[in-house]
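Chemist: please find the sequence and the predicted model below.
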Amino acid sequence: MTKIVLKATNIRRYFKNQKSKTEFHAVDGISFSVHAGEIASFVGPNGAGKTTLLKSISNYLLPNSGQVEVTGINLLKHPRQARRQLGVVFGGDRGFYASARDNLEFFARLLAVKEKNVKANVQEALETVNLADVAAKNTGSFSKGMLQRLHIARGLINKPKILMLDELTAGLDVESVITIRKLVKRLAKEGRGIILTSHNMNDIETLADKIYLIGSGRIHYEGSLAGVKTFAHVDENASLTDAYLAVADQLKRRQV
Ligand SMILES: Nc1ncnc2c1ncn2[C@@H]1O[C@H](COP(=O)(O)OP(=O)(O)OP(=O)(O)O)[C@@H](O)[C@H]1O
């Protein structure tokens, strides 16, 4: 087994409702580890807590409790040092201006990449996502697929050991989806630990080494694709979608 690049222990994140004075548990005690080269995939319904989890383990949000170790560095005690090992990609159509290269140079400096490395890191990131040829173009003319690859490049400019990808293929056409999937596979093969969320079951089936089914802020299953089917009591020829729906149904019944 390769070494662990991220270890999250008992992460909890609450949101307070000021009116009712109640606490809503968006992430309710989640623990998991990611190894170098592994693609860990979080699957769950809208509101399950996936994005809040990613934010809580990447210093976008402070968890209410729990520990995160990034390549052995304690994220909560040494956020800057730990953050250097993380690439976080939330994607979407917004967040860029001017040329692709200008954007990446800006974000490289924001992430405190050493000045002498900025240009080389940006060029490498552009080449990795196959945008080097259009680096001087204004991002306003980019397609959704190109913008998503630019987001991934942004996540790579500090050469992180772990890459977090939230909804990486949402709203993309088939060709762009396949390009992004190949890219993610390659990034993992090069030794990065990848954590991804997706509502696209084909993404998960194609990419995931390990699947985490998450609902109401908790992990209900962790393991292989084949294991999900056993867990869900569906036929081995059933799709991941069938298994996912069966588990979701069982969870709903338990809540009733
Ligand atoms: N800043 C916030 N304040 C209050 N509640 C929040 C906040 N951020 C998230 N939540 C709530 O926490 C829960 C989990 O949200 P989160 O965005 O993490 O889910 P998700 O699994 O990523 O959903 P989706 O698949 O729709 O993106 C939701 O009920 C959401 O309304």
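Modeler: It's in.

Chemist: so what secondary structure elements neighbour the worst-scoring helix or strand of the chain on mean pLDDT?
Modeler: For the chain, counting by mean pLDDT, DSSP states H and E, helix 240-255 ranks last in confidence among helices and strands (a mean of 82). When contacts are defined as 3 or more Cβ pairs under 8 Å, 6 or more residues apart in numbering; DSSP states H and E, helix 240-255 packs onto helix 201-207, strand 210-215, strand 218-223, helix 225-232. In short, each C-beta sits where N, CA and C put it, glycine included.

Chemist: how far out from the middle of the chain is the third one?
Modeler: Remark: strand 218-223 is offset 16 Å from the chain centroid, using Cα atoms, centre = their mean, to the nearest Å.

Chemist: between that strand and helix 240-255, how big is the angle?
Modeler: Between the axis of strand 218-223 and that of helix 240-255 there is an angle of 140 degrees, by axes from the mean of the first three to the mean of the last three Cα atoms, to 10 degrees.

Chemist: buried residues, strand 218-223. List them.
Modeler: Using 16 or more other Cβ atoms under 10 Å as the burial criterion, the residues of strand 218-223 that qualify are 218-222.

Chemist: contacts only, for Tyr244.
Modeler: When contacts are counted by Cβ atoms under 8 Å, 6 or more residues apart in numbering, Tyr244 touches 43, 201, 213, 228, 232.

Chemist: just the buried members of the residues you listed?
Modeler: Among these, those that count as buried by neighbour count (16+ other Cβ under 10 Å) are 43, 201, 213, 228, 232.

Chemist: what residues are up against Val174?
Modeler: Applying Cβ under 8 Å, 6+ apart, one finds that Val174 lies in contact with no residue.

Chemist: again but with Leu111, I slipped
Modeler: Taking Cβ under 8 Å, 6+ apart, we find Leu111 in contact with 83-84, 157-158.

Chemist: if we go to 10 Å?
Modeler: Leu111 makes contact with 80, 83-84, 86-87, 118, 121, 154, 157-158, 160, according to Cβ atoms under 10 Å, 6 or more residues apart in numbering.

Chemist: the ligand versus that one, what's the distance?
Modeler: Taken as Cβ to the nearest ligand atom, to the nearest Å, the spacing of Leu111 relative to the ligand amounts to 24 Å.
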